[in-house]
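In: The sequence and its predicted three-dimensional model are supplied below.
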Amino acid sequence: MNFEVGPYTIDLGLEGLGSQLGQSAAGSYLDFFEIYGFLLRSLWPLWIAIALVLLYIVFFMYQQNKFAASIEKDLIAITVPPENDKTPKAMEQVMTALWTNESGPNFVEKWFQGEFQLSWSFEIVGINGFVRFLIRTPKKIRPTFDAHIYAQYPDAEIQEVEDYTLFAPKKFPDETWKVYGADITFTKPDAYPIRTYAHFENRLGEAEYNYIDPIGAFVETLGALGEGEQIWFQIIVAPDPSGKMRKEGLALVDEMMKRSKAKYDDIVGRFLTGALHTGVDTLGAMAGAPLPEGGDSADDGDDLPMLSPGEREVLKAVEENIGKLAYVVKMRGVYIAKHEVFQKVNFGNAVGGLMLVNTEHLNGLKLDRKTKAKRDYAKWKIPRLQQKLVTNYRYRDMGAGSNPVRMSTDELATLFHFPYRTTTAPSLERSATRSAQPPQDLPIER
């Protein structure tokens, strides 16, 4: 390209620039396709492997969805007579038997047929002050539940009922109903136990009242609800054969022992060293002999750790807890009421009744902040949180919401068991004394 400036002509040399740029671009595209072709030719086994993995994932998800859709569920209500004197120990036996009877899928069933460990839900609900104890179980293992409940509670009555959650709105905000609640989780790692039913015995009282029901206050709160108020509490469980809680507990015990052993060695070592030096100085002065140089301390072969009474109690509680069968557990609480009678404090009172199992040195229950249907900021999120809470509860969804925890059978029995005779909520559903024995043909295995 040329242009003239006065008597001069300036040549910028741009005549071939366009063609050079075109050739450069064409060369870049050519290089890209060459590299792409090389990768396809040389790495084809990798692409086939990736495609197979993706196909398997699609197939596996399809099989799991198919299996989940095939599971039929029953919701049963269990009532016991007012004079029931069975402590949660009886319910612990039921939960232990259910754990051992319900084995999970084998390798082929899990990875090729999409089967997974069945779960069920223990539920306590208060509806307009009427309190019920329910279990939602897969239909195919329902006879096993009946058998073990009758074995421990011969006077119990079991009946199938409609799902009480179906009336709740599917979307929020709603013109009639308002919702509050959250998932419930642990304050500490799973290996630390909550305060179990064995610690609620009052051996100093009268024989009639030598046991305090751990969930008595919770049930009484549900029985005090007014018209148009409901509180739902569910514990979704599945047997956990992985031994994860036991491994975590053993690691915790080992850490406590090492820490206390180091503390012990430090104190004892300093004491023995000081005593030895004092003795040598005294003997040397009495004999007028020169003091020996150096010297070893006394034998340090004592491996007993130095634990305070509180540490010993924690260590014992953890070891007892991990020695029992464990379940994977998801807990939720929901308070749903009509707008004109909605009082969030009632939910707080109910949760406070459950938290009687909390201790500072062991474990306890708390509301999961992330799933709480309340926000002091970003209030536009509240309807979505309310909808998720109710939906997760209705479908008894183990995977949604907070992370599951692991609980031993006696921890579960502490939180769900049929009311003791000292629980006197007037609207608590009770049965009359049974006049017949349980059916003789009830199966005890799946």
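Out: Ah, there it is. These numbers come from a predicted model, not from an experiment.
In: When you work out contacts or count neighbours from here on, use the C-alpha atoms and nothing else.
Out: OK.
In: How about residue 211: what's its closest non-neighbour residue?
Out: The spatial neighbour of residue 211 that comes closest, neighbours along the chain excluded (C-alpha to C-alpha, 6 or more residues apart in numbering), is residue 201 at 4.5 Å.
In: Next, count neighbours for the one you found.
Out: For residue 201, the tally of surrounding residues (other C-alpha atoms under 10 Å) stands at 15.
In: So it versus residue 87, what's the distance?
Out: Between residue 201 and residue 87 the distance, using C-alpha to C-alpha, to the nearest Å, works out to 10 Å.
In: In this structure the residue nearest to residue 211 contacts residue 212, no?
Out: Yes - counting by C-alpha atoms under 8 Å, residue 201 sits close enough to residue 212 to count as a contact (6.1 Å).
In: Distance-wise, check the closest residue to residue 171 other than its chain neighbours relative to residue 169.
Out: Computed as C-alpha to C-alpha, 6+ apart, the closest residue to residue 171 that is not its neighbour in sequence is residue 387, at 5.7 Å. Counting by C-alpha to C-alpha, the gap from residue 387 to residue 169 is 8 Å.
In: got the CA coordinates for the longest strand anywhere in the chain in CSV?
Out: When the chain is scanned for its longest strand (criterion: DSSP state E), the result is strand 326-338. Included here for strand 326-338 are C-alpha records, laid out as CSV according to Å, rounded to 0.1, in the frame of the first residue of the first chain:
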residue,chain,number,x,y,z
ALA,A,326,-25.3,-48.8,64.6
TYR,A,327,-27.8,-47.3,62.2
VAL,A,328,-27.4,-44.5,59.7
VAL,A,329,-29.9,-41.8,60.9
LYS,A,330,-31.6,-38.7,59.6
MET,A,331,-33.9,-36.7,62.0
ARG,A,332,-36.3,-34.0,61.1
GLY,A,333,-38.8,-31.9,63.0
VAL,A,334,-41.7,-29.9,61.5
TYR,A,335,-44.2,-27.5,63.0
ILE,A,336,-47.1,-26.7,60.8
ALA,A,337,-50.1,-24.6,61.9
LYS,A,338,-52.8,-22.3,60.6
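In: quick check: mean pLDDT across it?
Out: Throughout strand 326-338, pLDDT has a mean value of 96.
In: Tell me the first helix or strand C-terminal of that strand.
Out: The element immediately downstream of strand 326-338 (helix or strand, assigned by DSSP states H and E) is helix 344-354.
In: sorry, back to before: tell me which helix or strand the residue nearest to residue 171 sits in.
Out: Taking DSSP H and E as the criterion, residue 387 maps to helix 382-394.
In: Spell out the residue ranges of the strands in this structure.
Out: Per DSSP E, the chain has strands spanning 2-5, 8-11, 73-79, 120-127, 130-138, 157-160, 177-186, 229-239, 326-338, 365-367, 405-408. These are given in chain order.
In: Which other helices and strands does the longest one contact?
Out: I take that to be strand 326-338. strand 177-186, strand 229-239, helix 344-354, helix 382-394, strand 405-408 (3 or more C-alpha pairs under 8 Å, 6 or more residues apart in numbering; DSSP states H and E).
In: now with 7 Å?
Out: Taking 3 or more C-alpha pairs under 7 Å, 6 or more residues apart in numbering; DSSP states H and E as the contact definition, the neighbouring helices and strands of strand 326-338 are strand 177-186, strand 229-239, strand 405-408.
In: now do the fourth one
Out: In this structure, strand 120-127 makes packing contacts with strand 130-138, strand 229-239, judged by 3+ C-alpha pairs under 7 Å, 6+ apart.
In: Give the pairing partners of that strand; include direction for each.
Out: For strand 120-127, the pairing partners within the sheet under DSSP bridges are strand 130-138 (antiparallel), strand 229-239 (antiparallel).
In: can you count the residues close to the residue lying closest to residue 123 once chain neighbours are set aside?
Out: Among residues not flanking residue 123 along the chain, residue 234 sits closest, at 4.3 Å (C-alpha to C-alpha, 6+ apart). By other C-alpha under 10 Å, 25 other residues sit near residue 234.
In: Check residue 342 too.
Out: Counted by other C-alpha under 10 Å, the residues lying close to residue 342 total 19.
In: With residue 239 instead?
Out: Residues near residue 239, counting by other C-alpha under 10 Å, number 25.
In: do the same with residue 164
Out: Other residues near residue 164 number 12, with proximity taken as other C-alpha under 10 Å.
In: per-residue pLDDT, it?
Out: 96.
In: what are the phi and psi angles of it?
Out: According to degrees, to the nearest 10, the main-chain angles of residue 164 amount to phi -70, psi -10.
In: Give me the distance between it and residue 247.
Out: Counting by C-alpha to C-alpha, the gap from residue 164 to residue 247 is 39 Å.
In: can you check residue 322 too?
Out: The gap separating residue 322 from residue 247 is 8 Å, by C-alpha to C-alpha.
In: now swap in residue 169 and tell me
Out: In terms of C-alpha to C-alpha, residue 169 sits 43 Å off from residue 247.
In: Give me the domain ranges for the chain.
Out: Here the domain parsing of the chain from automatic domain parsing is 29-70, 71-246+315-415.
In: Including distance to residue 253, could these go into TSV?
Out: As requested, the domains of the chain are exported to TSV (distance: least, C-alpha to C-alpha, whole Å):
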stretch	distance to residue 253
domain 29-70	38
domain 71-246+315-415	6
